[in-house]
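K.L.:
No sequence on hand, only this structure:
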């Protein structure tokens with residue numbers, strides 16, 4: 001079915017409901033960033049495959065909003081005759097709609113895909129327009145979309161030797177927090193929080209091993225877990241839990257309401273449908289932040305050890321891949337973005353504890369490297385040729401940790417002076433952030449300025465954040481940690497995050513250098529320890545732009561890379577790594 005046909009069907013449905021606008025964010029009923037194929041509604045409707053989008057369908061025109069990471073990509077994937085495209089950083093979709101909408105027109109939104117915070121914001125903005133907001137109790141677009149069959153998902157238990165703390169002890173910690181706030185019942189809707197709390201994982205979402213579930217934690221009685229009935233899970237969770245099929249959610253909550261008249265939930269994490277349902281069955285809804293968010297952000301000693309080990313294994317795979325790539329290029333063999341992506345996966349999957357990739361590999365040569373979150377396909381696949389740059393951003397899920405790394409390498413020996421200049425400025429930003437000592441009061445937006453500093457001296461910048469939190473065999477993007485222009489994150493010892501400044505010259509090349517960092521204590525201050533061990537391409541460094549401290553950092557880093565990785569390589573690979581980590 002063409003996108004035109006899909007839009008026509010959706011508009012016909014809107015007319016039947018006597019509505020003028022339909023709002024569709026790219027998410028699922030759990031408000032996840034990473035979603036399963038069965039929830040890819042935006043992709044089905046528009047053709048856009050990125051991980052962030054907000055769509056507005058009207059009876060006359062349509063718009064799709066995304067962020068800076070995806071602007072180049074969305075223009076390639078979405079027919080601009082059907083959709084106006086906007087960068088959400090420049091234009092708020094609800095404020096844009098306010099200018100378009102006429103008095104008394106009607107907006108339809110899915111109560112499963114918006115939080116009460118979202119809904120209240122829309123109501124506030126539209127108040128003066130006197131327009132009506134209608135809530136659909138089922139996802140409206142599903143009336144015309146034949147969703148893909150669900151995969152046969154499995155829930156499995158993550159052993160304590162990897163999690164570091166038993167689920168019973170985690171629950172004790174959470175209950176202490178709730179008790180202090182005089183909360184008896186808390187409804188968790190974040191699969192990341194629930195998976196972390198119960199030490200469970202699942203294969204339902206391709207790159208993110210969360211169990212798509214809800215949890216009603218009761219301090220004085222049995223707690224309710226909603227996903228699917230599972231004998232092994234019943235034995236594991238024990239008599240303090242009742243396990244229900246997620247399809248029985250409404251029925252179980254009605255029974256809960258007979259003896260319980262109060263529930264707490266996180267208004268930033270909970271679909272409005274759930275909040276509204278509690279209210280309709282006579283349960284008083286109160287707000288409190290999900291207590292797992294901050295707890296899981298600070299890794300325990302076992303998680304930190306696992307993360308360090310997984311990054312060494314991952315570093316070995318990436319180094320083997322880079323050696324292979326160097327040899328193929330020297331022999332003038334045909335190498336494409338698809339073959340490099342597959343080869344890197346093949347090296348990784350040989351690793352102990354490997355459980356899959358943490359996101360779809362970004363493998364971009366030349367112009368494709370300038371697309372921040374480029375996804376290679378047969379249609380876009382380029383051959384790697386000498387005298388341009390190759391950018392790959394990839395990561396893996398291991399039982400003991402999650403990885404994410406980006407390297408930019410020069411194919412051939414003749415990068416341009418411009419490429420060397422910009423690469424070195426990106427590198428200086430990366431080093432500057434890595435070496436920065438700061439207090440617990442310092443916010444992410446302060447750190448962000450350090451990473452952009454040397455690019456901005458030439459009026460360059462990059463259209464994405466500098467860093468994001470990383471889970472421990474969980475999501476590769478973990479709340480609440482971020483380093484960006486608007487970040488209010490305050491950091492604590494034990495947090496793990498990325499450091500990834502970049503530069504993108506549209507239709508020519510892209511540059512990004514990404515390492516994973518651990519927040520550590522340094523005297524009275526905080527600092528960073530690098531967990532990623534893969535050489536940085538010294539062919540792309542302009543030594544004249546580096547000061548002594550920066551040269552010392554690179555040489556020290558490369559010494560560590562060699563020391564950590566060489567023992568796992570064969571003789572040819574060791575020789576290659578020695579050359580790649582020589583002092584500059």
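P.N.:
Looks like it arrived, so ask away. Predicted model, so just to flag it, every value in this text is computed and none were measured.

K.L.:
where does the protein dip in pLDDT?
P.N.:
Low-confidence segments of the chain (pLDDT under 70): 148-151.

K.L.:
Show me how it divides into domains.
P.N.:
Split into domains by automatic domain parsing, the chain comes to 3-143, 155-292, 298-580.

K.L.:
Next, the distance between the ends of stretch 19-38.
P.N.:
Distance between the two ends of stretch 19-38: 26 Å, counting by CA to CA, to the nearest Å.

K.L.:
Quick one: distance of it to the chain centre.
P.N.:
Centroid displacement of stretch 19-38 relative to its chain, using CA atoms, centre = their mean, to the nearest Å, is 16 Å.

K.L.:
That stretch: which residues count as buried?
P.N.:
Buried residues in stretch 19-38, defined by neighbour count with 16 or more other CB atoms under 10 Å: 19-32, 34-36. From N, CA and C alone the C-beta is placed, and that goes for glycine too.

K.L.:
now swap in stretch 226-235 and tell me
P.N.:
By neighbour count on 16+ other CB under 10 Å, the buried set for stretch 226-235 is 226, 227, 228, 230, 233.

K.L.:
do the same with stretch 37-50
P.N.:
Buried residues in stretch 37-50 (16+ other CB under 10 Å): 39, 40, 41, 42, 43, 44, 45, 46, 47, 48, 49, 50.

K.L.:
contacting residues around the second one?
P.N.:
For residue 40, the residues meeting the contact criterion (CB atoms under 8 Å, 6 or more residues apart in numbering) are residue 49.

K.L.:
quick check, nearest of the buried residues of stretch 37-50 to residue 473?
P.N.:
Of all the buried residues of stretch 37-50, residue 39 has the smallest distance to residue 473: 22.0 Å, by CB to CB.

K.L.:
So that closest one sits against residue 31, correct?
P.N.:
No - look at residue 39 against residue 31 with CB atoms under 8 Å: they stay out of range, at 10.9 Å.

K.L.:
Can you list the helices and strands that whichever helix or strand residue 242 is part of packs against?
P.N.:
If you go by DSSP states H and E, residue 242 is part of strand 241-245. Counting contacts by 3 or more CB pairs under 8 Å, 6 or more residues apart in numbering; DSSP states H and E, strand 241-245 packs against strand 223-227, helix 231-237.

K.L.:
if we go to 10 Å?
P.N.:
The contact analysis (3 or more CB pairs under 10 Å, 6 or more residues apart in numbering; DSSP states H and E) places strand 241-245 against strand 214-218, strand 223-227, helix 231-237, helix 249-259.

K.L.:
So which bits of the last one are buried?
P.N.:
Neighbour-count burial for helix 249-259 flags 249, 252, 253, 256, 257 (criterion: 16+ other CB under 10 Å).

K.L.:
right, and out of those residues, which lies closest to residue 395?
P.N.:
Ranked by distance to residue 395 (CB to CB), these are led by residue 249 at 33.0 Å.

K.L.:
was I right about residue 540 contacting residue 417?
P.N.:
No - in this structure, residue 540 is not within contact of residue 417 by CB atoms under 10 Å, at 11.0 Å.

K.L.:
ok, the two, which is more surrounded?
P.N.:
The residue with more neighbours, out of residue 540 and residue 417 and counting by other CB atoms under 10 Å, is residue 540; that gives 21 against 8.

K.L.:
State the distance from the closest residue to the more buried one other than its chain neighbours to residue 55.
P.N.:
Leaving out its chain neighbours, the residue that sits closest to residue 540 by CB to CB, 6 or more residues apart in numbering is residue 423, at 4.1 Å. To residue 55, residue 423 is 36 Å away according to CB to CB, to the nearest Å.

K.L.:
go on, residue 29?
P.N.:
Using CB to CB, residue 29 is found at 17 Å from residue 55.

K.L.:
Perfect, I'm done here.
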